[in-house]
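*Asks:* Could you look at this predicted model? Sequence included:
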Amino acid sequence: METLTKINVLYSTSIEKVLGLSDFRKLFEDIEFKEIDCEKIDPNMIKNSLIFIEYDEFKNLPLPTKNSNCSIIIYDPYEDSLSHKLPDYVFEILNKNTSQKKLAFIFNKAYSTLKTKIELGNLARKFDIQSKELHTINSIGIALSTERNVDKLLETILLKCREITESDSGSLYLVSEKEGGIFDANDYFHDKELIFKLAQNSSVNVNFKETILNLNKKSISGFVALTGKALNLSDVYHTPKDAEYSHNHSFDETSGYRCKSMLIVPMKNQKDEIIGVIQLINKKRDYNIKLISSDLVDKQVIDYDENDEELVYSLASQAAILIDNTKLYYDIKNLFEGFIKASVTAIEARDPTTSGHSERVATLTVGLAKKVDSISTGNLSLIKFSRNDLQQIKYASLLHDFGKIGVKEDVLIKAKKLYPYELELLEQRFKYIRKSMQYNLTKAKLDYIMEYSKEESFLFFKDIDLLYSDKLKQLDDALSTIISSNEPTVLIQEASEKLKLFSNIIYEDLDNTKLHYITPYELESLSIMKGSLKESERKEIESHVNHTYDFLSKIPWTNEFKLVPEIAYSHHEKLDGTGYPRGVKSENIPIPSKMMAITDIYDALTASDRPYKKALPLEKALDILSYEVKAKKLDSELFDIFVQAKVYEIEKNEK
């Protein structure tokens, strides 16, 4: 299935002048921008589109459907007209104060977010189609066998063919792709070779070694593979004179065996492609007789009849389907594993600071589950995990943070209390205030010296220099306090009081408008007592669990993996009900989720790739986890196993 990731960037005629898009587009020359008439826009045009539009035009825009993959950036000259809750497809609201730099930042973020959403949607659809195909084919495969080992399947297929036709010997060949072969859509066999895969013989020991054969019509198996026609030979030593093929006598000569009657049938899959050949040798009157001499061969070996051909044809067709089904099973499994890795990569691309977190949590959680499974005494001895259970835990752990795809990127990667562009704006403001002070000082001196004597001016200069020196020191102190308070550490009382004081200091801008050193919004952000997130931002981050559950619930999990959504959904819950998103207590939290709660916190504490904090040493991390256990947040028995079995070393050992 073709993956479509092209994004249409559309803009209205009026918005180009307002935002200066003519110059803006030059920054993104590899992206195509298209002007649209909002009154004539077709609903299909907005699919896979990023749209710049004014508020008045937005009201008349066709509503995007659920699968439109549309993201809209609105310019609102009235500023307050969009204060109400907006639909999810509105990515950002611009106003007259939006700079070109911020516009570029917003565009980049919106474009990458939309592109990721489209690509993941395509991957999900592709996986859904492949999964449905697997279920359909499995319904046929179940009637044949539940065996997933290809080699065992081939052994069984050949044995059953021999038994049903009473054949003394038999071989099985597979058509396989050559290493480095070049595919040709018009010639199925162009990049193929024939593998002598298996040999069985009831009368003599076979020292078999898998061999690659040239795929041509000179050999009997090659002829059947290339033509798709079965051969029924009474005596392989007397083939038709005009035959393109001949029998290779080397095995008979080295083993003393005598091949006589032979039935060779192609294995065709559902696409009518030849995937192999079944070769049956020496049909016997009595299946239990061993052909240890030429006389026995002459007496016991008979020709294969039409019924034999029909039976083997039927079994060969089923075998081909079974082989394809088994290969498809592993292809689908690999596809899903790839989908999971792509999903994790997509998340880490949005939040590089957590790179490797999901894989480390998966390794630790599965490792802890294995240790719990091995316990033979106590309460935990009742908990057992099958191979599928461990795979389910792995999938849930790898995807536990996938919902972050639904969290705003600037909130997701927010390392400090102010966003970088907010801090830059504040620093520019303080530079302006400093320049204004210097200007006012110089102007005051010039005004005074024009009116008073030199001696009087010097006295005045001394006083006013002292005054402005104090103001500049205060300004520097304010900026220093802001910089230190912006760090995601615990805010000390002295800094908090200073911030409030500085927020009340007034300065004048170029229009003589009286403004505060620190705006109310900045004061709120800088006054965060611990960490970098305001309460609203913390809620936004916590919403990733709901997004994860919604996404995982849409995947048609098979029975052995049906708890993946619930396990991932509950990994931030606490035993005492103080966790999120549901606030459930211990009895309603799955055991794998309790394990993941421990490993998730451990990795967050010890990770060395977080820019907003240093990695904690092992002892400190375990102390923090121990405190959470004592506070009835984490499971004490699972934590004891985590520590005693040194599960935390598993991830290091696997590097």
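*Replies:* Received it, and whenever you're ready, just let me know what you need.

*Asks:* Just give the number of residues close to residue 588.
*Replies:* Look at residue 588: counted by other Cβ atoms under 10 Å, it has 12 neighbours. In this view, the C-beta of every residue, glycine as well, is placed from N, C-alpha and C.

*Asks:* for residue 505, same thing?
*Replies:* Neighbour tally, residue 505, other Cβ under 10 Å: 15.

*Asks:* Can you name the residues that contact residue 31?
*Replies:* 7, 9, 25, 111 (Cβ atoms under 8 Å, 6 or more residues apart in numbering).

*Asks:* these two touch, right, the first one and residue 48?
*Replies:* Yes: contact criterion Cβ atoms under 8 Å: residue 7 and residue 48 qualify, at 5.7 Å.

*Asks:* any shared contact partners between those two?
*Replies:* Joint contacts of residue 7 and residue 48 (Cβ under 8 Å, 6+ apart) are 114, 118.

*Asks:* Now the buried members of the contacts of residue 31.
*Replies:* 7, 9, 111 (16 or more other Cβ atoms under 10 Å).

*Asks:* right, and out of the residues you listed, which lies closest to residue 279?
*Replies:* Residue 279 lies nearest to residue 7 out of these, by Cβ to Cβ, at 55.4 Å.

*Asks:* Distance check, the closest one against residue 114.
*Replies:* Distance of residue 7 to residue 114, computed by Cβ to Cβ, to the nearest Å: 6 Å.

*Asks:* Can you pull the residues that touch both of those two?
*Replies:* Counting by Cβ under 8 Å, 6+ apart, the shared contacts of residue 7 and residue 114 are 48, 50.

*Asks:* Give me the most central residue, the chain.
*Replies:* Closest residue to the average C-alpha location of the chain: residue 343 at 1.2 Å, with Cα atoms, centre = their mean.

*Asks:* my read: it touches residue 401, true?
*Replies:* No: the criterion here is Cβ under 8 Å, and residue 343 misses it with residue 401 at 9.8 Å.

*Asks:* so where is this protein shaky, pLDDT-wise?
*Replies:* For the chain, the stretches flagged by pLDDT under 70 are 1-5, 66, 79-85, 129-148, 609-613, 652-655.

*Asks:* And it, split by domain according to the record?
*Replies:* 8-122, 124-142+331-343, 145-328, 351-411+539-653, 420-532 (automatic domain parsing).

*Asks:* ok, the buried ones among the contacts of residue 31 vs residue 237, which is closest?
*Replies:* residue 7 (68.9 Å).

*Asks:* List the residues that contact that closest one.
*Replies:* 31, 48-50, 111, 114-115, 118.

*Asks:* Distance check, it against residue 322.
*Replies:* 44 Å.

*Asks:* What of residue 284?
*Replies:* Taken as Cβ to Cβ, the span from residue 284 to residue 322 is 26 Å.

*Asks:* just residue 240 next, same as before
*Replies:* Distance from residue 240 to residue 322, by Cβ to Cβ: 33 Å.

*Asks:* Comparing these two, which residue is more hemmed in?
*Replies:* A count of neighbours by other Cβ under 10 Å puts residue 322 above the other of residue 240 and residue 322, at 25 against 8.

*Asks:* so the more buried one makes contact with residue 154?
*Replies:* No: the pair residue 322 / residue 154 is not scored as a contact, 9.7 Å apart, by Cβ under 8 Å.

*Asks:* Can you classify the residue nearest to residue 167 when sequence neighbours are not counted by secondary structure?
*Replies:* Spatially, and ignoring its direct neighbours in sequence, residue 167 is nearest to residue 280 (4.2 Å; Cβ to Cβ, 6 or more residues apart in numbering). Put simply, residue 280 is strand when judged by DSSP: H, G, I helix; E, B strand; the rest coil.

*Asks:* and residue 112, how many residues sit next to it?
*Replies:* Neighbours of residue 112 using other Cβ under 10 Å come to 14.

*Asks:* Pull the number of nearby residues for residue 522.
*Replies:* Counted with other Cβ under 10 Å, residue 522 comes out at 22.

*Asks:* what sits against it?
*Replies:* 418, 422, 426, 482, 503.

*Asks:* could you say which helix or strand contains the third one?
*Replies:* Looking back up the chat, that one is residue 426. helix 420-451 (DSSP states H and E).

*Asks:* Ramachandran coordinates for residue 168?
*Replies:* phi -70, psi -30 (degrees, to the nearest 10).

*Asks:* Does it touch residue 201 like I think?
*Replies:* Yes: shown here, residue 168 and residue 201 form a contact pair, counting by Cβ under 8 Å, at 6.9 Å.

*Asks:* in a helix, that's where residue 196 is, yeah?
*Replies:* No: the assignment for residue 196, made by three-state DSSP, is strand rather than a helix.

*Asks:* count of residues packed around it?
*Replies:* If we define neighbours as other Cβ under 10 Å, then residue 196 has 19 of them.

*Asks:* just residue 489 next, same as before
*Replies:* 15.

*Asks:* ok so it is a strand residue?
*Replies:* No: assessed by three-state DSSP, residue 489 does not belong to a strand; its assignment is coil.

*Asks:* who's in contact with the residue lying closest to it once chain neighbours are set aside?
*Replies:* Spatial nearest neighbour of residue 489, chain neighbours left out: residue 530 (7.5 Å); criterion: Cβ to Cβ, 6+ apart. Applying Cβ under 8 Å, 6+ apart, one finds that residue 530 lies in contact with 488-491.

*Asks:* Distance to residue 615 for the residues you listed - can I get that in JSON lines?
*Replies:* Output for those, formatted as JSON lines (distance: Cβ to Cβ, whole Å):
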{"residue": "488", "distance to residue 615": "15"}
{"residue": "489", "distance to residue 615": "16"}
{"residue": "490", "distance to residue 615": "19"}
{"residue": "491", "distance to residue 615": "23"}
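
*Asks:* Among these, which one lies nearest to residue 349?
*Replies:* When these are compared for distance to residue 349 (Cβ to Cβ), residue 488 wins out at 22.9 Å.

*Asks:* sorry, back to before: so the residue nearest to the centre of the chain is in which element?
*Replies:* Going by DSSP H and E, residue 343 is part of helix 306-350.

*Asks:* Now find how far off-centre that helix is within its chain.
*Replies:* Its chain's C-alpha centre and that of helix 306-350 lie 22 Å apart, by Cα atoms, centre = their mean, to the nearest Å.

*Asks:* which strands and helices sit next to that helix?
*Replies:* helix 100-144, helix 150-165, strand 262-268, strand 274-284, helix 357-373, helix 387-398 (3 or more Cβ pairs under 8 Å, 6 or more residues apart in numbering; DSSP states H and E).

*Asks:* just so I know, which of those lies nearest residue 588?
*Replies:* Comparing the helices and strands packed on helix 306-350 under Cβ to Cβ, the one sitting nearest is helix 387-398, at 16.5 Å.

*Asks:* Buried residues of that closest one, list them for me.
*Replies:* 389-398.

*Asks:* can those residues go into TSV with extra columns for distance to residue 267?
*Replies:* What follows is those, written out as TSV (distance: Cβ to Cβ, whole Å):
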residue	distance to residue 267
389	36
390	35
391	31
392	35
393	38
394	35
395	34
396	39
397	40
398	37
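
*Asks:* right, and out of the residues you listed, which lies closest to residue 548?
*Replies:* residue 396 (9.5 Å).

*Asks:* Name the nearest residue to the closest one, sequence neighbours excluded.
*Replies:* residue 567 (3.8 Å).

*Asks:* so after the host helix or strand of the one you found, what's the next helix or strand?
*Replies:* Using DSSP H and E, residue 567 maps to helix 564-569. Counting by DSSP H and E, the element after helix 564-569 in chain order, helix or strand, is helix 591-606.
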